[in-house]
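**Q** Generate a structure from the sequence data that follows.
(one chain, ligands or ions: 2)
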Amino acid sequence: MEFELIIEGGWIQTVETRFRADVGVIQGRIAAIGDLRGALAAWRYDASGKILLPGLIDEHVHSRDPGLTHKEDFAHATRAAAAGGITTILEMPNSIPPVLDREHFEARRDALSSRAYVDFGLYGMVLGSKNQSALSGMAEVGAIGFKLFWGYALDQTTLALVYTPEPGRAVVPPPTDGEIYLAFQAIAELGRPVAIHAENAEVIAALAAKERGAQDYGALLRARPPFSELMTIEAALRLAEASQVHLHVLHMAAAEGPALLAQARERGVRVSGETCPHYLFLAAEDYPHIGPAMKILPPIRERRHQEGLWEALQRGWIDTIGSDHAPHTPEDKVGSPLEVPGGAATIQFSLPLLLDAAAQGRLTLGKIVELMAEHPAKIFGLYGTKGVLAPGADADLTLVDLDREWTLGETLSKSPIHPYRGWRVRGAPVAVFLRGRLIMEEGIVFDPPSGHFIRS
Ligand code: DOR
Ligand code: ZN
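**A** Ligands and ions are numbered 1, 2, ... in the order given. Purely as a prediction, here's the structure:
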């Protein structure tokens, strides 16, 4: 037996354990793990002194493609992913046009396929009665899951999401709670998860109106309070319980959110939840030093929320970490915290930040593998092919150097706007393999793009 590739001399990190072993690859899959010093291989890659993780999955990416490619496009987003140690992204449906039916889905899949530097899955969007009958068509052609931007209208002309409602703007209204329940039922039958942006838009509209013109970060926090997040999570849990759908709560920013999920899980609700690195590594108190690069929705809240989320993570109440990579241009991000659009180009930094936290003893490498490989793969039906470093899985592998000390700075995203510029960290992804092909080494991502569209 000859291997295409043997990655030799490194350590293998799983959720439970770390051990010394070589990895042999045949036809893009992991074919053997063990002592392969005597085996034949077309190519050998030296991993000594370093650690191999299963290729990481970023389940929460906004590549802006098509529609807003002056902010970001798929080639840039997926190159930045590869540079950050990520081998699979799940792409959100709020492109312009949004992914509302089978035709949009297939057009987007085909357009993105030739420019993907990592593997990718696509979400479909939930828009209530306006696309209820299109959900099954999107599932048939491979929607990895569905996304509901709870309470958010679409601009009637562009179909772009309206993050901050303005009186008088012509919009496609958001689904009602009844429509959401019917969508959840349909998605449960399709066997897919539904991922939600949980913030109560009516509360936000009322409170944001009171803050109009305010320039301080506190105004953003007052306009989007924790209770607006928690009440939406609670409503979603009720509808998930009634419909039996798998509910995945995205970007939990309030300290109390994960406990709501844990309690619901105890009574049998199928629910999982995500937080993002910016909620773990930043707090509102950092705004004076960082500025609009850290305006992200839901907002990064006060320090006690950051601490509460770490505690929830350690208790096992948070299942996944996604970047919510949401790039904007530098010009977009000039203005007051209330007015500038939310989002930052963060995809490249999730793993470095988490490795640094591991170096400081805040979590283990096994936990990183659980949060960014095993759990997202299981939730989105990819486990076995993705999300695990074991024979039979795709040879998606992220090689990390735990001792590397470096400074976060440039990103391969089209947007330079992110909140971590100048941060010193310990730990770096130094090479990435996608189905056995070396796609990144020392921050350089190689052509041609070889990512595939994936479905569960
Ligand atoms: O800050 C955000 N930006 N939060 C989201 O949930 C969406 C995103 C975007 O698409 O701009
Ligand atoms: Zn998002």
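
**Q** and Ala75, what is it in contact with?
**A** The contact partners of Ala75, by CB atoms under 8 Å, 6 or more residues apart in numbering, come to 115, 117, 449. (Glycine included, C-beta is placed from N, CA and C.)

**Q** Can you get me a residue count around the last one?
**A** Other residues near Pro449 come to 20 when the count uses other CB atoms under 10 Å.

**Q** Let me know whether it touches Tyr117 as I believe.
**A** Yes - with contact defined as CB atoms under 8 Å, Pro449 counts as touching Tyr117 (4.6 Å).

**Q** In this protein, which residue sits closest to ligand 1?
**A** Evaluated by CB to the nearest ligand atom, the chain has Gly342 as its residue closest to ligand 1, separated by 2.7 Å.

**Q** excluding its backbone neighbours, what's nearest that residue?
**A** If the residues on either side of it in the chain are set aside, Gly342 comes closest to Leu297, at 3.6 Å by CB to CB, 6 or more residues apart in numbering.

**Q** Show the model's pLDDT score for that neighbour.
**A** Reading off the confidence values, Leu297 has pLDDT 97.

**Q** secondary structure class for it?
**A** Using DSSP: H, G, I helix; E, B strand; the rest coil as the criterion, the local structure at Leu297 reads coil.

**Q** contacting residues for it?
**A** Leu297 makes contacts with 163, 197, 199, 224, 342-343, as judged by CB under 8 Å, 6+ apart.

**Q** contacting residues for Phe300?
**A** Careful, residue 300 is Ile; it's not Phe. Going by CB under 8 Å, 6+ apart, Ile300 touches 253, 278-279, 282-284, 286-287, 294, 306.

**Q** 7 Å - rerun?
**A** Applying CB atoms under 7 Å, 6 or more residues apart in numbering to Ile300 gives the contacts 253, 278-279, 282-284, 294.

**Q** now do Arg109
**A** 122, 453.

**Q** what ranges do the strands span in the stretch 351-456 of the chain?
**A** 397-407, 424-434, 437-441, 444-445 (DSSP state E, counting those that start in this stretch).

**Q** how distant is the first one from the center of its chain?
**A** Read that as strand 397-407. Remark: strand 397-407 is offset 21 Å from the chain centroid, using CA atoms, centre = their mean, to the nearest Å.

**Q** So which bits of it are buried?
**A** 397-402 (16 or more other CB atoms under 10 Å).

**Q** one step back: just send the contacts of Ile300 back as TSV, with pLDDT too.
**A** Output for those, formatted as TSV (pLDDT from 0 to 100):
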residue	pLDDT
Ala253	98
His278	99
Tyr279	99
Leu282	98
Ala283	98
Ala284	98
Met294	98
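
**Q** Turn these into a markdown table, columns for distance to Ile180, secondary structure and neighbour count.
**A** Compiled in a markdown table, the contacts of Ile300 are given as follows (distance: CB to CB, whole Å; DSSP: H, G, I helix; E, B strand; the rest coil; neighbours: other CB atoms under 10 Å):
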| residue | distance to Ile180 | secondary structure | neighbour count |
| --- | --- | --- | --- |
| Ala253 | 21 | coil | 24 |
| His278 | 27 | helix | 27 |
| Tyr279 | 25 | helix | 28 |
| Leu282 | 31 | coil | 22 |
| Ala283 | 31 | coil | 18 |
| Ala284 | 30 | helix | 20 |
| Met294 | 30 | helix | 24 |
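
**Q** Put the alpha carbons of stretch 156-164 into CSV.
**A** Extracted in CSV, the C-alpha atoms of stretch 156-164 (Å, rounded to 0.1, in the frame of the first residue of the first chain):
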residue,chain,number,x,y,z
GLN,A,156,-38.3,45.8,-0.4
THR,A,157,-36.1,46.8,-3.3
THR,A,158,-32.7,45.2,-2.7
LEU,A,159,-33.9,42.4,-0.3
ALA,A,160,-31.0,43.3,1.9
LEU,A,161,-31.6,42.7,5.7
VAL,A,162,-32.6,45.8,7.6
TYR,A,163,-30.6,45.7,10.9
THR,A,164,-31.9,49.0,12.3
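
**Q** near ligand 1 at all, that stretch?
**A** No - Stretch 156-164 stays clear of ligand 1 (CB under 6 Å from any ligand atom), getting no nearer than 6.7 Å.

**Q** pLDDT of that stretch, averaged?
**A** For stretch 156-164, the mean pLDDT works out to 86.

**Q** what's the answer for stretch 412-420, then?
**A** On average, stretch 412-420 scores 98.

**Q** Go ahead and name everything in contact with that stretch.
**A** 71-73, 76-77, 79-80, 83, 278, 282, 290, 293-294, 327-330, 333, 344-349, 408, 411, 445.

**Q** Check stretch 149-157 too.
**A** If you take CB under 7 Å, 6+ apart as the criterion, stretch 149-157 is touched by 94, 98, 160-163, 165, 169-174, 196-202, 232.

**Q** Cool, thanks, talk later.
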